[in-house]
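Engineer: Sharing a model that was predicted from the sequence below.
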Amino acid sequence: MTIDRRAFLAAAGAAAAQGFGRAQAQEPGLLPRGAESRFLEVGGVRLHHVVLGAGPAVVLLHGWPQTWFAWRATMERLARRFTVVAPDLRGLGVSERPPSGYDKRAVAEDIATLIDRAAGGRAHVVGHDMGGKAAYVLALLRPEKVERLVLVDCLLPGTENMDARRGGAWHYGFHMARDIPELLTRGRERDYIAAQIRAWSYRKDAVSEAAIEEFTRHYARPGAMTAGFDYYRALPQDALLVASLSDRRLDMPVLAIAGRHGVGPQLAEALAPQARALSSVIVEESGHFVADEAPEVFWREVEGFLGA
């Protein structure tokens, strides 16, 4: 997929100028051809989602620091066989930003309602990063909603190493600190988002500058960085929830797909005790953003798995 960067940025700028509440009418230039931008009230939150295609339902859940737009090219590919639904997670993109509810149980309940109302009550679910954590919790709590589960380069709640002194990633503690990350990234949202995306990528140019501009225009809005950081602040609560569900099994087929330079085999290893039918793919020339860094491999593996 090729995006004209000037046209893209012009559409993004016009959309930003028109404001939050009119997102459905303001973003047609950013949508895949034939897609629709819609809203639903779920759990008291106005959730934005983009719909494209026809066939069995596939719900795509993005991570941080992204929005539904992270899936734009994947939507165009999967829509040849599926009805693809890509929401902005609560608080992010043009979805409503409530002051709380960023624990993955609450996010999973948002998605369960979305599946009921926009996907016929049951769907394949694909989740990356924070979206992957939410997808995993959804599969544990509401397995009747999930036909097949794909988790993309994420760590299950409770398996993250958040202690930088013991080899963990420093950004966990920074993002979880109260108020400090907002203070230090205010006015420099683009710099910070770009730096994080590049740091977590093996192919440093895979996530385009135009896509980073699109993510930034949403995260730079009032309260959006806080919402993003609140997904991290909820991680201790998420870990306790998942520990309490350790006796549950994932009966649906599960695919773990990760970058060799991302989480590597850790995802599949963590899933193995719970998933009764687990497939695992390690993408050699990829870091965290597998759908961008190795799109043809990612699409082939996901299409094959969902269509099995």
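Structural biologist: Right, received. Where do you want to start?

Engineer: pretty sure Asp292 is in contact with Val207, am I right?
Structural biologist: Yes. Applying C-beta atoms under 8 Å, one finds Asp292 in contact with Val207, separated by 5.0 Å. Every residue, glycine included, has its C-beta placed from N, CA and C.

Engineer: what's the overlap in contacts for the two?
Structural biologist: Counting by C-beta atoms under 8 Å, 6 or more residues apart in numbering, the common neighbours of Asp292 and Val207 are Ser201.

Engineer: nearest spatial neighbour of the residue nearest the centre of the chain, skipping sequence neighbours?
Structural biologist: The residue lying closest to the centre of the chain (C-alpha atoms, centre = their mean) is His62, at 1.4 Å. In this structure, His62 finds its nearest non-sequential neighbour in Ala70, 4.6 Å apart by C-beta to C-beta, 6 or more residues apart in numbering.

Engineer: pretty sure that neighbour belongs to a helix, no?
Structural biologist: Yes. Counting by DSSP: H, G, I helix; E, B strand; the rest coil, Ala70 is part of a helix.

Engineer: All the strands of the stretch 201-308 of the chain, residue numbers only.
Structural biologist: Here the stretch 201-308 of the chain has its strands, by DSSP state E, counting those that start in this stretch, at 254-259, 278-283.

Engineer: now the angle between strand 278-283 and the first one, please.
Structural biologist: Taking axes from the mean of the first three to the mean of the last three C-alpha atoms, to 10 degrees, one finds strand 254-259 and strand 278-283 inclined to each other by 10 degrees.

Engineer: Now strand 254-259: average pLDDT?
Structural biologist: For strand 254-259, mean pLDDT is 98.

Engineer: Can you list the strands that it pairs with?
Structural biologist: Strand pairing for strand 254-259, using DSSP bridges, gives strand 146-152 (parallel), strand 278-283 (parallel).

Engineer: so how far is it from its chain's centroid?
Structural biologist: From the chain centre to the centre of strand 254-259 is a distance of 14 Å (C-alpha atoms, centre = their mean, to the nearest Å).

Engineer: Contacts for that strand next, please.
Structural biologist: Contacts of strand 254-259 (C-beta under 8 Å, 6+ apart): 139, 148-153, 202, 264-268, 271, 275, 277-283, 286-290, 293-294, 298, 301-302, 305.

Engineer: same thing but at 6 Å, please
Structural biologist: Contact with strand 254-259 is made by 149-153, 264, 267-268, 271, 275, 278-283, 286-287, 290, 301, 305, as judged by C-beta atoms under 6 Å, 6 or more residues apart in numbering.

Engineer: swap in stretch 43-61?
Structural biologist: Contact with stretch 43-61 is made by 32, 35-40, 68, 71, 75, 78-79, 81-88, 90, 93-96, 98, 109-110, 119-120, 123-127, 131, 134-135, as judged by C-beta under 6 Å, 6+ apart.

Engineer: Provide a PyMOL selection command restricted to the buried entries of these.
Structural biologist: Filtering those down to the buried ones (16 or more other C-beta atoms under 10 Å) takes a single PyMOL command:
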select buried, resi 32+35+37+39+40+68+71+75+78+79+82+83+84+85+86+87+88+90+93+94+95+96+98+109+110+119+123+124+125+126+127+131+134+135
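
Engineer: For Asp129, give its distance to Leu60.
Structural biologist: According to C-beta to C-beta, to the nearest Å, Asp129 and Leu60 sit 12 Å apart.

Engineer: and of the strands of the stretch 201-308 of the chain, who's closest to Arg221?
Structural biologist: strand 254-259 (29.6 Å; C-beta to C-beta).

Engineer: Great, nothing more from me.
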